[in-house]
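Colleague: Predicted model follows, preceded by the sequence.
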Amino acid sequence: MAGRKKPLVVITRKLPDPVETRMRELFDARLNVDDRPMTQPELVAAVKEADVIVPTVTDRIDAALLAQAGERLRLIANFGNGVDNIDVAAAAKRSITVTNTPNVLTEDTADMTMALLLAVPRRLTEGANILGSGVKWDGWSPTWMLGRRIWGKRLGIVGMGRIGTAVARRAKAFGLSIHYHNRHKVAAAVEDELEATYWESLDQMLARMDIISVNCPSTPATFHLLSARRLALMQPTAYIVNTARGDIIDETALIELLKDNKIAGAGLDVFENEPTINPKLLKLANGGKVVVLPHMGSATLEGRVDMGEKVIINIRAFVDGHRPPDRVLPNRV
Ligand code: 8YV
């Protein structure tokens, strides 16, 4: 790019140092070293001026914002896999390319899914909190802190994409039998490897599983996919884990079912109105029925550096006149 003006790239949040340093070398990179989330007016100012914007899940890049974008804005290089924060169709209408960061957060998110999947039935945070609270422990007892066994149970995965498949591989090693609901059956070789059972009907699968894991993207089609009616199909002994997006589950309905002991427990890394958490969920978490995490699925240093690297590659390919590797097309959302 010698001699050429560097593109103005606005990065909305603080990224790991190696990513920011490389961005400064390659681009006219406007960093957010304080990591204060940008307000909507600040985002408007950014899209008016920038050639490229690098948002995260915390930025709403909707049609109203894009309508105010300057002529220079040609690329939205999302720092994240899910693009539910971006109106991809509105971007396409304005000939703005959208990219994301697939693959590099698959294993980390699958690990966190397993962590929740173990934590809820085995009462992990509840036990840790007892000792952490400093109360005197009277010692081991045969009937105290009993959870439910993982080995031999049935896991129903909603959305068998990259992350769902990575969860299935781990879960199989923990002795769970793998069931899944997906728009399409996965390749026969993958089904064989996982000894997985495909359910065309989500309703049928929900009614039969011991644990449900939500691993599909948030799209208009998956909004409240786990509706009040569907959640009510679950067994009262069943657990649900969500590391995908909060709005895939009707959270109000889930809370009611948990309160009424119609679902045994939930492990949630994502919420409907993030970062606001429904106080009723926190109450259930204090009571041990729910384990809540603050959207940490992909939160590893390695993962975030890899995501940054993907963002850089996408920007670099785009500004050099090539098709960026992780382009998101509106009809794929
Ligand atoms: C990301 C995620 O950290 O990539 C995703 O879809 O859910 C997260 O793990 C976040 O989206 C960053 O924008």
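Modeller: Ah, there it is.

Colleague: what residue ranges in this protein score low on pLDDT?
Modeller: Applying pLDDT under 70 to the chain picks out residues 1-4, 332-333.

Colleague: Sort out which residues of the longest helix along it are buried, please.
Modeller: Among the segments of the chain that qualify as a helix by DSSP state H, the longest is helix 301-319. Using 16 or more other CB atoms under 10 Å as the test for burial, helix 301-319 gives 303-308, 310-319. For the C-beta atoms, the positions are set from N, CA and C on the backbone; glycine is no exception.

Colleague: Closest one of those to residue 81?
Modeller: Nearest to residue 81 among those, counting by CB to CB, is residue 307 at 8.2 Å.

Colleague: What separation is there between the closest one and the ligand?
Modeller: In this view, residue 307 and the ligand are 7 Å apart by CB to the nearest ligand atom, to the nearest Å.

Colleague: Residue 28 against residue 49, yeah?
Modeller: No: assessed by CB atoms under 8 Å, residue 28 is found out of contact with residue 49, at 10.7 Å.

Colleague: hey, what's in contact with both of those two?
Modeller: residue 8 (CB atoms under 8 Å, 6 or more residues apart in numbering).

Colleague: Need phi/psi at the residue of the stretch 1-150 of the chain found nearest the ligand.
Modeller: Nearest to the ligand in the stretch 1-150 of the chain, going by CB to the nearest ligand atom, is residue 80, at a distance of 2.6 Å. When read as degrees, to the nearest 10, the backbone of residue 80 gives phi 160, psi 160.

Colleague: nearest residue to it other than its sequence neighbours?
Modeller: Leaving aside its sequence neighbours, residue 80 sits nearest to residue 57 (CB to CB, 6 or more residues apart in numbering; 5.2 Å).

Colleague: So the one you found lies in a strand, does it not?
Modeller: No: applying DSSP: H, G, I helix; E, B strand; the rest coil, one finds residue 57 to be coil, outside a strand.

Colleague: Next up, the contacts around it.
Modeller: Going by CB under 8 Å, 6+ apart, the list of residues near residue 57 reads 80, 82, 84-85, 295.

Colleague: Residue 257 too?
Modeller: Contacts of residue 257 by CB under 8 Å, 6+ apart are 231-232, 234, 263.

Colleague: from the residues you listed, which would you call buried?
Modeller: By neighbour count, with 16+ other CB under 10 Å, the contacts of residue 257 hold 231, 234, 263 as buried.

Colleague: Distance to the ligand and secondary structure for those residues - can I get that in CSV?
Modeller: Shown next, in CSV, are the buried ones among the contacts of residue 257 (distance: CB to the nearest ligand atom, whole Å; DSSP: H, G, I helix; E, B strand; the rest coil):
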residue, distance to the ligand, secondary structure
231, 22, helix
234, 24, coil
263, 24, coil
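
Colleague: just those now: which is nearest residue 249?
Modeller: Using CB to CB, the buried ones among the contacts of residue 257 come closest to residue 249 at residue 231, 7.3 Å.

Colleague: Assess the claim that the closest one and residue 250 are in contact.
Modeller: Yes: Residue 231 is within contact range of residue 250, at 6.8 Å (criterion: CB under 8 Å).

Colleague: What is the burial count for residue 172?
Modeller: Around residue 172 there are 16 other residues, counting by other CB atoms under 10 Å.

Colleague: can you pull the contacts of it?
Modeller: 178, 194-195.

Colleague: Chain neighbours aside, what residue packs nearest to the spatially most central residue of the chain?
Modeller: By CA atoms, centre = their mean, the chain has its centre lying nearest to residue 244, at 3.6 Å. Spatial nearest neighbour of residue 244, chain neighbours left out: residue 214 (4.8 Å); criterion: CB to CB, 6+ apart.

Colleague: Could you pull up the residues touching the closest residue in space to residue 150 that isn't next to it in sequence?
Modeller: Nearest residue to residue 150, sequence neighbours excluded (CB to CB, 6+ apart): residue 174, at 5.5 Å. In this structure, residue 174 makes contact with 114, 118, 150-151, judged by CB under 8 Å, 6+ apart.

Colleague: any idea how far residue 174 lies from residue 315?
Modeller: Going from residue 174 to residue 315 by CB to CB, to the nearest Å gives 39 Å.

Colleague: Same check on residue 35?
Modeller: Applying CB to CB to residue 35 and residue 315 gives a distance of 20 Å.

Colleague: Return the set of buried residues in the helix or strand harbouring residue 163.
Modeller: Element membership for residue 163, per DSSP states H and E: helix 162-173. Residues of helix 162-173 classed as buried: 162-168, 171-172 (neighbour count, 16+ other CB under 10 Å).

Colleague: From the chain's centroid, how far away is it?
Modeller: 15 Å (CA atoms, centre = their mean, to the nearest Å).

Colleague: How about the residues of this protein by the ligand?
Modeller: With CB under 6 Å from any ligand atom as the criterion, the chain comes near the ligand at residues 56-57, 79-82, 105, 297-298.
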